[in-house]
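Enquirer: This is a predicted model, with the sequence first.
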Amino acid sequence: MPKPVIDYKKCTNCGNCVDICPMQVFEKENDKVVVKHPDKCIGCRACEVQCPKGAIKIVD
Ligand code: SF4
Ligand code: SF4
């Protein structure tokens with residue numbers, strides 16, 4: 001199953017992935033973006049492509 005992993009050394013918590021993920025996998029919690037529902041990921045890679053910091057990798 002695909003799921004996103006965030007590299008917090010690169011992530012700025014901009015929230016872009018929260019907005020663009022069609023499956024609501026990401027959520028913002030106390031100003032930090034987290035992978036809240038990895039089980040919902042369909043592996044479309046929109047988040048990986050559109051993260052401005054290249055902080056997201058989709059792993060299997
Ligand atoms: S789009 Fe990238 S930099 Fe922005 S919150 Fe998501 S992982 Fe972090
Ligand atoms: S790969 Fe697609 S479904 Fe999975 S977290 Fe990224 S945007 Fe959401």
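Expert: It's in. Numbering: from 1, shown residues only. Ligands and ions are numbered 1, 2, ... in the order given.
Enquirer: In a strand, D39, correct?
Expert: No: D39 sits outside any strand when classified using DSSP: H, G, I helix; E, B strand; the rest coil, being helix.
Enquirer: State the distance from it to C47.
Expert: Counting by CB to CB, to the nearest Å, the gap between D39 and C47 amounts to 15 Å. (C-beta placed from N, C-alpha, C; glycine too.)
Enquirer: And these two? Which one has more around it.
Expert: With other CB atoms under 10 Å as the criterion, D39 and C47 differ in neighbour count, and C47 comes out ahead with 25 against 9.
Enquirer: Is the host helix or strand of that one positioned near ligand 2?
Expert: C47 is located in helix 46-50, with elements delineated by DSSP states H and E. Yes: interface with ligand 2: helix 46-50 contributes A46, C47 (CB under 6 Å from any ligand atom).
Enquirer: Please point out which parts of that helix sit buried.
Expert: Of the residues in helix 46-50, those buried under the neighbour-count criterion (16 or more other CB atoms under 10 Å) are A46, C47, E48.
Enquirer: Would you mind pulling up the elements that that helix packs against?
Expert: Here helix 46-50 touches helix 16-20, strand 56-59, going by 3 or more CB pairs under 8 Å, 6 or more residues apart in numbering; DSSP states H and E.
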